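Visitor: Show me how the following folds:
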Amino acid sequence: IAATAASQGFTVLKLKCNDSDDIVGIAKAVRDSTPEGFRLIFDPNERWNDRRTALPIIRSLETIGNVMFVEDPLPRWDLSAVADLRRQVDIPVALHIALGYAEHGQRKQDVMTSFRESASDAYNLSGCTADFLDMAASAEIQGIPYWRGSEVDLGVMEAGYLHSLAVTLGAQLPSDVFGRLIREHDLLTEPLKVTEGHMSVPTAPGLGVELDQAALEHYAVANPVTIR
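Guide: Presented below is the predicted three-dimensional model:
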């Protein structure tokens, strides 16, 4: 997968993982099958549990040399432990602030809380456009770069992501806007254009994209119900 991505002009691959995966073996395999400069982001989604688990994993990854970030290595309730881990390792640590996971206690104020704790080198920011722009502004004040997270979305939403990324100065890291590369159809009459790992911002009026009504009808799984 990494070799295919590299051949298409991409330079970063993000992987979910836990502490039972052969993470170092994966990093070596990717290093050996991709050009120099191709990098990985490992995201255990807080499942490395504690510093005793996370520290040897990250130090082993440091010897491979192709890891760009480790994202959410420890449980988010203990940002002081994340900050301590960050001070002990050379691989930068990123935090995912995902407002869609409100049940996990994530709020956009976490950008400032993380800054006070010195718990992050970068942010993965997810949420509606207004909240994303608020969090982006906070990150820019801190001088910390970020990318825009997603849920492997459809074309209309991803077009909105592109516009928000284009107007924020700190969005300097590869973003999770890749639904078109995975889905059979993105419900757009013309798909978002990807060239050499970069996606072009649509320039037509509005979001710059058009919903494919025929595709919408084809892929619909239910009809809307109106309750009077």
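Visitor: Where does pLDDT dip in the chain?
Guide: For the chain, the stretches with pLDDT under 70 are 102-105.
Visitor: Would you map the helices across it?
Guide: 2-7, 23-33, 51-62, 79-88, 110-117, 129-142, 155-166, 179-182, 213-219 (DSSP state H).
Visitor: In TSV, list those along with mean neighbour count and distance to residue 205.
Guide: Where you see a C-beta, it was placed from the backbone N, CA and C, and this is true even at glycine. Shown next, in TSV, are these (neighbours: other Cβ atoms under 10 Å; distance: least, Cβ to Cβ, whole Å):
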stretch	mean neighbour count	distance to residue 205
helix 2-7	15	33
helix 23-33	16	41
helix 51-62	16	46
helix 79-88	17	43
helix 110-117	18	32
helix 129-142	17	17
helix 155-166	19	12
helix 179-182	16	21
helix 213-219	11	18
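Visitor: list the contacts for residue 138?
Guide: 108, 111-112, 115 (Cβ atoms under 8 Å, 6 or more residues apart in numbering).
Visitor: now, which of these sits nearest residue 21?
Guide: Using Cβ to Cβ, residue 111 comes nearest to residue 21 of the contacts of residue 138, at 29.0 Å.
Visitor: Excluding chain neighbours, what is closest to residue 219?
Guide: If the residues on either side of it in the chain are set aside, residue 219 comes closest to residue 185, at 6.7 Å by Cβ to Cβ, 6 or more residues apart in numbering.
Visitor: Nearest the middle, which residue of the chain would you pick?
Guide: residue 149 (3.9 Å; Cα atoms, centre = their mean).
Visitor: is it true that that one touches residue 125?
Guide: Yes: assessed by Cβ atoms under 8 Å, residue 149 is found in contact with residue 125 at 6.3 Å.
Visitor: Just send the contacts of residue 138 back as TSV, with distance to residue 161 too.
Guide: Putting these into TSV (distance: Cβ to Cβ, whole Å) gives the following:
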residue	distance to residue 161
108	17
111	18
112	23
115	24
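Visitor: and of those, the nearest to residue 92?
Guide: Each of these was scored against residue 92 by Cβ to Cβ, and residue 115 proved nearest at 14.9 Å.
Visitor: contacting residues around the closest one?
Guide: Counted by Cβ under 8 Å, 6+ apart, residue 115 has contacts 138, 142, 144.
Visitor: do the same with residue 47
Guide: 17-19.
Visitor: if you set the cut-off to 10 Å instead, what comes out?
Guide: 16-21, 53-54, 72-75 (Cβ atoms under 10 Å, 6 or more residues apart in numbering).
Visitor: Which members of the residues you listed are the farthest-apart pair?
Guide: 21 and 75 (18.1 Å).
Visitor: picking that back up, tell me how far the residue nearest to the centre of the chain lies from residue 207.
Guide: 19 Å (Cβ to Cβ, to the nearest Å).
Visitor: ok, back up a step: now the contacts of residue 115 as CSV including distance to residue 36?
Guide: Below are the contacts of residue 115 laid out as CSV (distance: Cβ to Cβ, whole Å):
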residue, distance to residue 36
138, 35
142, 31
144, 27
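Visitor: just to revisit the earlier point, of the contacts of residue 47, closest to residue 63?
Guide: Using Cβ to Cβ, the contacts of residue 47 come closest to residue 63 at residue 54, 15.6 Å.
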